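Engineer: got a structure for you, letters missing:
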(Lines give C-alpha, C1' and ligand atoms only; values in the text may rest on other atoms or scores of the structure.)
Protein backbone atom coordinates (compact mmCIF):
# COMPACT_ATOMS: atom_id res chain seq x y z
CA UNK A 1 0.00 0.00 0.00
CA UNK A 2 1.38 3.37 -1.03
CA UNK A 3 2.16 5.72 1.84
CA UNK A 4 3.33 9.32 1.86
CA UNK A 5 4.44 10.58 5.26
CA UNK A 6 5.16 14.25 5.81
CA UNK A 7 7.28 15.64 8.61
CA UNK A 8 9.01 18.85 9.58
CA UNK A 9 6.09 21.14 10.26
CA UNK A 10 5.86 23.29 13.35
CA UNK A 11 5.68 26.78 14.77
CA UNK A 12 8.10 29.38 13.46
CA UNK A 13 8.36 33.15 13.64
CA UNK A 14 7.86 35.27 10.57
CA UNK A 15 11.09 35.46 8.62
CA UNK A 16 12.18 32.05 9.79
CA UNK A 17 12.69 28.79 7.93
CA UNK A 18 11.40 25.24 7.95
CA UNK A 19 12.14 22.19 5.86
CA UNK A 20 9.36 19.74 5.17
CA UNK A 21 10.03 16.17 4.16
CA UNK A 22 7.77 13.62 2.52
CA UNK A 23 8.86 10.00 2.50
CA UNK A 24 7.17 7.63 0.06
CA UNK A 25 6.86 3.88 0.33
CA UNK A 26 5.54 1.17 -1.98
CA UNK A 27 5.84 3.59 -4.89
CA UNK A 28 8.16 3.68 -7.94
CA UNK A 29 9.18 7.06 -6.65
CA UNK A 30 11.53 8.12 -9.43
CA UNK A 31 8.74 7.73 -11.98
CA UNK A 32 6.33 10.04 -10.17
CA UNK A 33 5.99 13.79 -10.15
CA UNK A 34 5.72 15.10 -6.60
CA UNK A 35 3.94 18.15 -5.33
CA UNK A 36 3.54 20.14 -2.15
CA UNK A 37 0.10 21.56 -1.50
CA UNK A 38 -1.25 23.65 1.34
CA UNK A 39 -4.65 24.40 2.73
CA UNK A 40 -5.37 27.25 5.10
CA UNK A 41 -8.60 27.42 7.13
CA UNK A 42 -11.51 28.45 4.94
CA UNK A 43 -9.45 28.26 1.77
CA UNK A 44 -9.09 25.75 -1.01
CA UNK A 45 -6.08 23.51 -1.28
CA UNK A 46 -3.45 25.03 -3.56
CA UNK A 47 -0.43 23.60 -5.29
CA UNK A 48 2.61 25.37 -3.89
CA UNK A 49 5.45 23.60 -5.69
CA UNK A 50 5.98 20.59 -7.89
CA UNK A 51 8.89 18.61 -9.23
CA UNK A 52 8.68 16.18 -12.10
CA UNK A 53 10.55 12.93 -12.56
CA UNK A 54 13.29 14.76 -14.45
CA UNK A 55 13.81 17.31 -11.71
CA UNK A 56 11.98 20.20 -13.35
CA UNK A 57 10.27 22.46 -10.85
CA UNK A 58 7.38 24.87 -10.74
CA UNK A 59 6.11 27.23 -8.03
CA UNK A 60 3.08 29.32 -7.29
CA UNK A 61 3.98 33.00 -7.59
CA UNK A 62 3.50 33.70 -3.88
CA UNK A 63 6.42 31.45 -2.88
CA UNK A 64 8.86 32.00 -5.74
CA UNK A 65 12.26 32.97 -4.42
CA UNK A 66 11.41 31.76 -0.91
CA UNK A 67 10.57 28.05 -1.26
CA UNK A 68 12.61 25.33 -2.92
CA UNK A 69 11.36 21.86 -3.78
CA UNK A 70 13.84 19.05 -4.26
CA UNK A 71 13.89 15.29 -4.37
CA UNK A 72 16.30 12.49 -3.54
CA UNK A 73 15.16 9.44 -5.44
CA UNK A 74 17.55 7.14 -3.58
CA UNK A 75 15.70 8.05 -0.38
CA UNK A 76 12.19 8.13 -1.91
CA UNK A 77 11.87 11.57 -0.38
CA UNK A 78 10.79 15.01 -1.54
CA UNK A 79 11.61 18.16 0.40
CA UNK A 80 10.26 21.66 0.64
CA UNK A 81 12.69 24.22 1.98
CA UNK A 82 10.74 27.25 3.15
CA UNK A 83 12.60 30.47 3.88
CA UNK A 84 11.46 33.98 4.75
CA UNK A 85 8.19 32.59 6.02
CA UNK A 86 5.21 34.91 6.21
CA UNK A 87 2.05 34.81 8.28
CA UNK A 88 0.10 33.89 5.16
CA UNK A 89 2.14 30.71 4.75
CA UNK A 90 0.31 29.25 7.74
CA UNK A 91 -1.52 26.13 6.55
CA UNK A 92 -1.56 22.38 6.59
CA UNK A 93 0.96 21.20 4.02
CA UNK A 94 0.41 18.00 2.07
CA UNK A 95 2.56 16.13 -0.35
CA UNK A 96 1.13 14.35 -3.35
CA UNK A 97 2.35 11.94 -6.00
CA UNK A 98 1.26 11.94 -9.63
CA UNK A 99 2.06 9.36 -12.27
CA UNK A 100 2.83 10.41 -15.82
CA UNK A 101 -0.49 8.93 -16.92
CA UNK A 102 -2.62 10.87 -14.48
CA UNK A 103 -4.16 14.30 -14.88
CA UNK A 104 -4.37 14.67 -11.12
CA UNK A 105 -2.52 13.48 -8.06
CA UNK A 106 -2.91 9.82 -7.24
CA UNK A 107 -1.68 9.66 -3.66
CA UNK A 108 -1.65 12.02 -0.70
CA UNK A 109 0.02 12.29 2.66
CA UNK A 110 -1.78 13.06 5.89
CA UNK A 111 -0.47 16.62 6.13
CA UNK A 112 1.75 18.56 8.50
CA UNK A 113 0.85 21.83 10.17
CA UNK A 114 2.96 24.91 9.55
CA UNK A 115 2.18 27.91 11.72
CA UNK A 116 3.96 31.22 11.24
CA UNK A 117 3.69 33.68 14.11
CA UNK A 118 4.41 37.40 14.28
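Structural biologist: Yep, it's here. Just so we're clear, the structure is a prediction, and the values are computed from it rather than from any experiment.

Engineer: going forward, measure contacts between C-alpha atoms and count neighbours the same way
Structural biologist: Fine.

Engineer: quick one: mean pLDDT for stretch 51-67?
Structural biologist: For stretch 51-67, the mean pLDDT works out to 97.

Engineer: in it, which residues are buried?
Structural biologist: Within stretch 51-67, the residues that count as buried by 16 or more other CA atoms under 10 Å are 51-53, 57-59, 63, 67.

Engineer: list the contacts of that stretch.
Structural biologist: The contact list for stretch 51-67 (CA atoms under 8 Å, 6 or more residues apart in numbering) reads 30-35, 47-50, 69-71, 80-85.

Engineer: now with 7 Å?
Structural biologist: 30-35, 47-50, 69, 80-84 (CA atoms under 7 Å, 6 or more residues apart in numbering).

Engineer: identify the farthest-apart pair in the residues you listed.
Structural biologist: Maximum pairwise distance among the contacts of stretch 51-67 (CA to CA): 31.2 Å, between 31 and 84.

Engineer: which stretches in this protein count as strands?
Structural biologist: 3-7, 10-13, 18-25, 33-39, 46-51, 57-59, 67-72, 77-82, 91-98, 107-108, 112-117 (DSSP state E).

Engineer: I'd like to know which elements the last one is packed against.
Structural biologist: Judged by 3 or more CA pairs under 7 Å, 6 or more residues apart in numbering; DSSP states H and E, strand 112-117 is in contact with strand 10-13, strand 91-98.

Engineer: in CSV, list those along with mean pLDDT.
Structural biologist: Shown next, in CSV, are the helices and strands packed on strand 112-117 (pLDDT from 0 to 100):
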stretch, mean pLDDT
strand 10-13, 98
strand 91-98, 98
